[in-house]
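**Q** Sequence and predicted structure, then a few things I'm wondering about:
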Amino acid sequence: MEDLRGIIRDVPDFPKQGIIFKDITPLLRDGSAFRKAIDFLYGHYKDKDIDVVLSVESRGFILGSVLAYKLGAGFVPVRKKGKLPYKTHAVTYDLEYGKDTLEIHEDAISPSDKVLIVDDLLATGGTVQAVAGLTEKMGGDIVGIGFLIELTFLKGRERIKDYEVISLIKY
């Protein structure tokens with residue numbers, strides 16, 4: 001997967017000064033690279049009888065929906081507060097610079113659903129930790145958590161150490 005690393009574009013000082021943003025759009029644009037990333041995730045999870053792939057907006061939707069299709073599973077979007085049209089469950093969690101709230105439809109996960117959480121990037125782990133807690137509160141059984149990119153120096157994996165976690169590209 002290291003060959004995919006060279007396709008990811010670094011954008012300095014985005015979204016704020018001092019941050020180096022990992023832009024996955026060049027990888028998404030490259031059909032062969034995108035296929036390789038999805039096929040890797042699919043190969044890892046294809047025999048795990050996953051019912052639902054859950055992803056957080058917005059870049060996570062791209063990976064999660066394609067993977068759900070390949071796995072023959074349902075897709076569940078987790079969105080920022082106020083963006084879902086039906087009754088929701090919410091989780092509020094701490095960010096490095098404040099708080100955020102995410103929501104999921106109250107009927108999106110059934111008790112004992114086997115859930116795969118997929119996102120584009122693991123940084124500090126706060127978002128995925130919150131989503132995992134919400135998933136379990138709804139009765140979902142988390143089969144694994146998969147990422148395209150992991151920023152290992154931020155130690156986000158420590159916050160989700162009770163789950164099987166894979167990432168394709170590590171920085």
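**A** Sure, I can see it. Residues are numbered from 1 along each chain as shown.

**Q** Tell me where this protein has strands.
**A** Listed in chain order, the strands found in the chain under DSSP state E are 9-12, 20-23, 52-56, 74-80, 88-95, 98-105, 114-122, 141-150, 165-170.

**Q** Relative to S65, which of those is closest?
**A** Comparing the strands of the chain by their distance to S65 (Cβ to Cβ), the top pick is strand 74-80, with 4.9 Å. For every residue, glycine as well, the C-beta is placed using N, CA and C.

**Q** Between strand 88-95 and the closest one, find me the angle.
**A** 60 degrees (axes from the mean of the first three to the mean of the last three Cα atoms, to 10 degrees).

**Q** longest helix anywhere in this structure?
**A** Longest helix of the chain, by residue count under DSSP state H: helix 31-45.

**Q** which helices and strands does that helix pack with?
**A** Contact analysis of helix 31-45 by 3 or more Cβ pairs under 8 Å, 6 or more residues apart in numbering; DSSP states H and E lists helix 2-5, helix 25-29, helix 59-71, strand 141-150, strand 165-170 as its packing neighbours.

**Q** Which secondary structure elements does the third one sit against?
**A** It stands for helix 59-71. Applying 3+ Cβ pairs under 8 Å, 6+ apart, we find helix 59-71 packed against helix 31-45, strand 52-56, strand 74-80, strand 114-122.
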